[in-house]
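1. next come a sequence and a model predicted from it.
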Amino acid sequence: DQQVKQNSPSLSVQEGRISILNCDYTNSMFDYFLWYKKYPAEGPTFLISISSIKDKNEDGRFTVFLNKSAKHLSLHIVPSQPGDSAVYFCAASARTYKYIFGTGTRLKVLA
Amino acid sequence: EAGVAQSPRYKIIEKRQSVAFWCNPISGHATLYWYQQILGQGPKLLIQFQNNGVVDDSQLPKDRFSAERLKGVDSTLKIQPAKLEDSAVYLCASSLTRGEQFFGPGTRLTVL
């Protein structure tokens, strides 16, 4: 049972444009969400988080939106840069330290 | 601040052999996690420690996998005997709070 889903395995975007990565979840008990970026041969690195009491969190070029009624969150990267090319994972937690990760979306930013 | 250290970075073994991975978390991080990431999938939690106690090992295949956290700091994950389907990247992470987890570079295991 995949509680956290990233339905787009890959995404290509032109440099300078907006990248939108999507994540859906099924467990209504999830109350904290994280986004990670992963380069090849490296461990995931934390990007941004959001609590279920918010619907938006912003950090520089990265913004995460949470739609609780739709059980959907999205990560916006504006403007996209070639260095943003990586695999992006969303992860969700239900009031614990345990996170369920999605399968990832590979973003390619074209110069 | 030093990050999460893992060794070895790569390991190739024959099926039915045993293997061990080591992790040194960020100093002061009470919570330590071991994840298994199979190609094309997201990280799957195997075991979570709080100091040297196990908080969650519900997805650890206990017939072949074992883990310990020595004195609430370093941790080792062992597989004995290994199966072909254990080929994956094994990631160690640590955290201070419920939020951000800091990941090590991982150990890529290939079982032949």
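-> In hand now; what should we look at? Numbering: from 1, shown residues only, chains lettered A, B, ... in the order given.

2. shouldn't B:Ala88 be in contact with B:Gln37?
-> Yes: between B:Ala88 and B:Gln37 there is a contact under C-beta atoms under 8 Å: 5.8 Å. For glycine as for every other residue, the C-beta is placed from the backbone atoms N, C-alpha and C.

3. tell me the confidence at the residue nearest the centre of chain B?
-> Centrality entry for chain B: nearest residue to the mean C-alpha point is B:Trp34, 3.2 Å, by C-alpha atoms, centre = their mean. In this prediction, B:Trp34 carries a pLDDT score of 98.

4. before we move on, what about B:Asn52?
-> 83.

5. low-confidence ranges in the chain?
-> All of this is about chain A. Counting by pLDDT under 70, the ranges of chain A that qualify are A:1.

6. sorry, I should have been clearer: chain B.
-> For chain B (pLDDT under 70), the answer is B:1.

7. spit out the contact partners of B:Asn51.
-> B:Ala30, B:Arg69, B:Gly72 (C-beta atoms under 8 Å, 6 or more residues apart in numbering or on different chains).

8. let me redo that: A:Ile100
-> Contacts of A:Ile100 by C-beta under 8 Å, 6+ apart are A:Gln3, A:Val4, A:Asn27, A:Phe30, A:Ala91, A:Ala92, A:Ser93, B:Leu45.

9. pop out the phi and psi values for it.
-> phi -100, psi 130 (degrees, to the nearest 10).

10. so how far is A:Lys38 from it?
-> Counting by C-beta to C-beta, to the nearest Å, the gap from A:Ile100 to A:Lys38 is 16 Å.
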